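Chemist: Need coordinates for the following:
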Amino acid sequence: MNYTKINNLLGWICALIATVAYVMTAERSTSWWDCGEFIASAFKLQIVHQPGAPLFLMIQNIFSNLAGGDVTRIAFWMNVGSAVCSGLTILFLFWTITALAKKVVVKGIGESYTSADLIKIFGSGVVGALAYAFTDTFWFSAVESEVYAMSSLCTAVVFWGILKWENHADETGSDRWLIFIAYVMGLSIGVHLLNLLVIPAIALVIYFKRSKTVTSSGATKAFLIGVVVLALILWGIIQYTVKAAAYFDLFFVNSLGMGFGTGFNLFMVLMVALFVYGIWYSIKKAKPMLNLILISTAFIIFGYSSFAMIMVRAKANPTLNNSDPDNAFSFVSYLGREQYASEPLLNGPTFDAQVVDAVPTYTYRKDKDKYTKVENGMEYKYDKTMFFPRVYSNRDGHDGYYRDYLKLPEGQSPTFGDNLKFFFSYQIGHMYGRYFLWNFAGRQNDQQGQGSFTEGNWISGAKPVDQMHVGGQNAIPDSLKTDPSNNKYYFLPLIIGLIGAFWHFGKRQRDAGIVGLLFFFTGLAIVLYLNQSPLQPRERDYAYAGSFYAFAIWIGLGVFAIADYLSKKVDGKMAAGVATAACLLGAPVLLGFQNWDDHDRSEKTTARDLAKNYLASCAPNAILFTYGDNDTYPLWYVQEVENYRPDVRVVNLSLLSSDWYMRQMKQKVNQADGLPINIDDEKFKKGVREVLYYQDMKVPGHVDLDLVMQILLSDDQKNKLELRGGKFENFLPTKNFSLPVNKEAVLKNNVVPKAWQESIVDTMSWTYNRNYISRAELSILNVLLNNNWKRPIYFAATVPNDNYLGLDKYLVQEGFALRLMPIATPAGSEGTLVDTQSAFKDITTKYQWGNMANASYLDPESYRMITMITNTVMGGTATQLMMEGHKDEARKVAVETYEKMPKRVYLMRDILGYIPIVNVLYETGENKRANEIVNRNLKFMTQNMRWYQDIAQTKAELEYSNIGTALRALGAYKSILASTSEKQLLQQVTELEKSYKQQYGVE
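Modeler: Coordinates of the predicted model:
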């Protein structure tokens, strides 16, 4: 068998091994975060969040057909789509490594490769490819329907393609490989932009191959040209091509009076004509370089044309139509990610800077027969700015985090040195270096790390190193030892990769430099560009997968390096075999063994089932307000794909401040009617009533909501305030609202349980809790005004309290949702009221739990739900049932919690969350189950408290938050146990509480 056949065969074997592993461990339904949105949108070809991923959606739609019409299997088959893409990535990685390794073995004409050469080359490919296959970050993306698996495939194909071109560059027609690369890059834009970061490395490959004399200055110029080409594609093709078409359309519509899209389409026709002419001219005049540039650019644009799907589907107005990009300017906004805040790069404010001036920015809005220029935000001027700003954000508590992290006292501004400290320590160290070492050294656990020594750190398994890094190695709790995500690689993959990198630079400096450039641009360059603020909502390691891909190349070449060293001691063939076997064990086998358990998602369906629980909590034809990704996207999935409870109208409050989303909420979708909003679209279109601010007009008492709404929507200048620049805008004159209650409508629509009907109030009165009103708040208030209790109104239990708009006292717990009810809170009641009969029925007959109790692995998003479930959903219901005298029903809820929740503790707050369930179990005679929970919690607590103390021996920080949680839990358990017969357990809890209070000086 010749080299090519062996190369192809081994490559496909590696791909098959990886794909089988991914399919075996793939989630059987939707996952958290964007997956639900992507699956729902791919299934019906709908519009996802900015800037879109049309090619990904169309390919995943193909995979959905493999479900054979079984809607419950569609998500799984789309996950398989990611598994297949990931497996193919491993194929191209194998071929990339063998291509690079082969170049090290220089053979003369007629010479063949020895057995030792082949073992080293193919051993390098197998080790590097399979090592990457089982790395933490890549495996995570391989088993869910997200864009990163397909994006990785595009990166792998492009990098392999340039090496293929290099190998055939001296042959006639070899430049077709460059055109192929350009086309794949164009296609990749329809998946994710990360693939484009390969361009600078490609530029160097071309330079090294084409240049007769290679110089440092020449290489630098080639690199800079690559960066320029990257910028031209990112901004020139992706952004300004469409922006130019939009302004073309503006001229044809506003100046010539033609229809929308005329100028846009004509621009595209002219662009095609220019490319055709240019290519014809380059052939006629024999200009091969111009010809190659034009054809490559044309193929990039051709691949990029997958975005036509976005505008086509937006015009069909599907259920999920994010940003409604149905015209030229909304499409430009969509591609430019204008929905999201941009971060300063070269110059910007410090976190304590004050705004001194604001200059409006503008865009165009599509009206009935023309485009209208409207404000599109503000560009702010600050009193304190800094070059290369890294500590710039003052939102979401970031300023406090900066001060804590940099040890800055209140009132002291950060220096440039503080800025660089945060950049190197946090942005590079914590938000990149930590992820890199997760993949090649080891991982403490999968809890999100915000700087604590107990959450999400890298470890290695080498005790002295881990003791120095995170401390606490002498008192590691069982909960960490048995945590599936506690992975130790003992630095072995890292060491092999570093050996490979140093060896590569010594043997083939140019090739190593190209791999190094890929490593940099897909790693540290992203860190520079993203300029991430602290307290990210999730870990961001997926963004750097390309960097880990590049390092895996060096892990593969580590085989060659070690074999070369051993060949000085033993026979070359033996050296190659030993090096391959040792590196197989030290990288892919070790990684696969350590990572399998925490990447096996095949036993859980928590995202799907908990999404169904939100919807099951709602009465028919309900309106359900949600807030974030994880209480919205899975709900979209179960409604759009599995057709579960399509009568419930899910309204995401984070999107509701957008004009397009508010407009869509007025429309009927599936079986759910539109929201009862009677505000004319003209009154909240883009640029109109974006934000209305509170101005206290000293209005006495509570004001009828109808009158408030009239003032907010009035076009009369007398009802507006004059702003800077002479502009008049509506405002909120009072925060004290009232809403008359139609009792007849409340009773007719069964809004209130019979037991509470006497408590229905004549008028709801409350104090609004914000200093502004956006479209989101305007919509909610308008729904309250017009609904007249015809449709049930709910807030998901995960919605932050400040989004209730001050209506807290009128919200009643019904499982996973809070229902708006016009009732007076009974005297002496504490916390949120619970409609026990509705909640009990849902808990015992409707709710599903995603196999949380028995799944061998739960991801962080799943186990972070445990406290809410035990404390609020189940605990609140069981406690209220006890208060109402329904002891047996309370016992059933508590036992259901015991049976359906995991038999392990994940977080210290879980101990506190279980308190109401433990209390009910004791009160209903379920002492055995209660004792099991208490003993389990106490074991977790005592071991972790000992761990915190051990960490404190070498680290300055102490886990004060978790320690405080433990002390509160002990106090609660002592109170509960005091009324039981469990005297021994009571004594244990009492002694623990006393000991900890003495230890931490708490009275």
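Chemist: Can you list the buried residues in the helix or strand bottoming out on mean pLDDT in the chain?
Modeler: For the chain, counting by mean pLDDT, DSSP states H and E, strand 720-722 ranks last in confidence among helices and strands (a mean of 88). Of all the residues in strand 720-722, those buried under the rule 16 or more other Cβ atoms under 10 Å are Lys720. For every residue, glycine as well, the C-beta is placed using N, CA and C.
Chemist: Which other helices and strands does it contact?
Modeler: Here strand 720-722 touches strand 728-730, going by 3 or more Cβ pairs under 8 Å, 6 or more residues apart in numbering; DSSP states H and E.
Chemist: For the residue nearest to Lys683 when sequence neighbours are not counted, give me its contacts.
Modeler: The spatial neighbour of Lys683 that comes closest, neighbours along the chain excluded (Cβ to Cβ, 6 or more residues apart in numbering), is Leu713 at 5.6 Å. Contact criterion Cβ atoms under 8 Å, 6 or more residues apart in numbering gives Ile679, Lys683, Arg689, Asn730 as the residues in contact with Leu713.
Chemist: same deal with Glu379?
Modeler: By Cβ under 8 Å, 6+ apart, the residues touching Glu379 are Ala358, Val359, Pro360, Thr361.
Chemist: switch to 6 Å and redo it
Modeler: Val359, Thr361 (Cβ atoms under 6 Å, 6 or more residues apart in numbering).
Chemist: cool, and the one 4 residues further on?
Modeler: The contact partners of Asp383, taken as Cβ under 6 Å, 6+ apart, are Ala353, Gln354, Val356.
Chemist: related to what we said a few turns ago, from the contacts of Leu713, which land in helices?
Modeler: Using DSSP state H, no member of the contacts of Leu713 falls within helices.
Chemist: Please convert the buried members of those residues into ChimeraX selection syntax.
Modeler: Selecting in ChimeraX just the buried members of the contacts of Leu713, where the criterion is 16+ other Cβ under 10 Å, is done with this command:
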select :679,689,730
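Chemist: would you list the contacts of Leu713 in a markdown table and tack on pLDDT and distance to Leu566?
Modeler: Supplementary listing: the contacts of Leu713 in a markdown table, determined by pLDDT from 0 to 100; distance: Cβ to Cβ, whole Å:
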| residue | pLDDT | distance to Leu566 |
| --- | --- | --- |
| Ile679 | 96 | 76 |
| Lys683 | 94 | 77 |
| Arg689 | 93 | 74 |
| Asn730 | 92 | 78 |
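Chemist: Now that we have the contacts of Leu713, can you turn them into TSV and tack on distance to Met941?
Modeler: Below are the contacts of Leu713 laid out as TSV (distance: Cβ to Cβ, whole Å):
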residue	distance to Met941
Ile679	52
Lys683	56
Arg689	51
Asn730	54
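Chemist: ok, so of the contacts of Leu713, who is nearest Val229?
Modeler: Set against Val229, the nearest of these by Cβ to Cβ is Arg689 (43.3 Å).
Chemist: Quick check: the gap between that closest one and Leu778.
Modeler: Distance of Arg689 to Leu778, computed by Cβ to Cβ, to the nearest Å: 7 Å.
Chemist: And the strands in the stretch 501-650 of the chain?
Modeler: Under the criterion DSSP state E, counting those that start in this stretch, strands of the stretch 501-650 of the chain are mapped to 623-626, 649-652.
Chemist: correction: the stretch 751-900 of the chain
Modeler: Secondary structure of the stretch 751-900 of the chain (DSSP E, counting those that start in this stretch): strands located at 763-767, 772-774, 793-796, 811-814, 817-820, 833-834.
Chemist: low pLDDT regions in the protein?
Modeler: Counting by pLDDT under 70, the chain shows low-confidence ranges at 1, 107-110, 826-829, 1003.
Chemist: Skip ahead from the longest helix along the chain and say which helix or strand is next.
Modeler: Longest helix in the chain, counting residues (DSSP H): helix 74-104. Sequence-wise, the next helix or strand downstream of helix 74-104 (DSSP states H and E) is helix 115-133.
Chemist: so what secondary structure elements neighbour that following helix?
Modeler: If you count contacts as 3 or more Cβ pairs under 6 Å, 6 or more residues apart in numbering; DSSP states H and E, helix 115-133 packs onto helix 3-25, helix 74-104, helix 545-566, helix 572-584.
Chemist: Next up, the contacts around Gly497.
Modeler: For Gly497, the contact set (Cβ under 6 Å, 6+ apart) comprises Phe551, Trp554, Ile555.
Chemist: do the same with Gly36
Modeler: Contacts for Gly36 were tallied using Cβ under 6 Å, 6+ apart; they are Thr30, Tyr633, Pro634, Trp636, Tyr637.
Chemist: mind running it again at 10 Å?
Modeler: Counting by Cβ atoms under 10 Å, 6 or more residues apart in numbering, Gly36 makes contact with 29-30, 75, 145, 607-608, 611, 629-630, 632-641.
Chemist: sorry, back to before: what strands line up against the least confident helix or strand of the chain, and which way round?
Modeler: Strand pairing for strand 720-722, determined by DSSP bridges: strand 728-730 (antiparallel).
Chemist: who's in contact with the strand it pairs with?
Modeler: 683, 688-693, 711-723, 773, 778.
Chemist: at 8 Å instead, please
Modeler: The contact list for strand 728-730 (Cβ under 8 Å, 6+ apart) reads 689, 692-693, 711-714, 717, 719-723.
Chemist: Pretty sure Glu144 sits against Asp34.
Modeler: No - the pair Glu144 and Asp34 does not pass the contact test of Cβ atoms under 8 Å, sitting 9.3 Å apart.
Chemist: Neighbour count: those two, which is higher?
Modeler: For Glu144 and Asp34, the more surrounded residue by other Cβ atoms under 10 Å is Glu144, and the numbers stand at 27 against 18.
Chemist: pretty sure the more buried one is in a strand, no?
Modeler: No - in this structure, Glu144 is coil, not part of a strand, as judged by DSSP: H, G, I helix; E, B strand; the rest coil.
Chemist: residues in contact with the nearest residue to it once chain neighbours are set aside?
Modeler: Across the structure, with Cβ to Cβ, 6+ apart as the measure, the residue nearest Glu144 apart from its sequence neighbours is Ser31 (4.2 Å). By Cβ under 8 Å, 6+ apart, the contact set of Ser31 is Asn79, Glu144, Ser145, Glu146, Arg601, Ala607, Asp859.
Chemist: thinking again about what came up before, so for Ser342, which of the strands of the stretch 501-650 of the chain sits nearest?
Modeler: Put simply, out of the strands of the stretch 501-650 of the chain the one that sits nearest Ser342 is strand 649-652, at 21.9 Å, with distance taken as Cβ to Cβ.
Chemist: Next, the contact list for Gln837, please.
Modeler: Residues in contact with Gln837, defined by Cβ under 8 Å, 6+ apart, are Pro753.
Chemist: ditto for Trp12
Modeler: Shown here is Trp12, whose contacts under the criterion Cβ under 8 Å, 6+ apart are Leu91.
Chemist: And for His430?
Modeler: Listed by Cβ under 8 Å, 6+ apart, the contact partners of His430 are Gly449, Gly451.
Chemist: measure it to Val746 for me?
Modeler: Where Val746 is concerned, His430 sits at a distance of 53 Å (Cβ to Cβ).
Chemist: just Cys14 next, same as before
Modeler: From Cys14 across to Val746, the span is 65 Å (Cβ to Cβ).
Chemist: Let me see the ranges of the strands in the stretch 201-350 of the chain.
Modeler: 347-349.
Chemist: chain center to stretch 808-823, what's the gap?
Modeler: Centroid separation between stretch 808-823 and its chain, computed with Cα atoms, centre = their mean, to the nearest Å, is 30 Å.
Chemist: which parts of it are buried?
Modeler: The neighbour-count criterion (16+ other Cβ under 10 Å) identifies 810-823 as the buried residues of stretch 808-823.
Chemist: Compute the first-to-last residue distance for it.
Modeler: By Cα to Cα, to the nearest Å, the extent of stretch 808-823 from end to end equals 12 Å.
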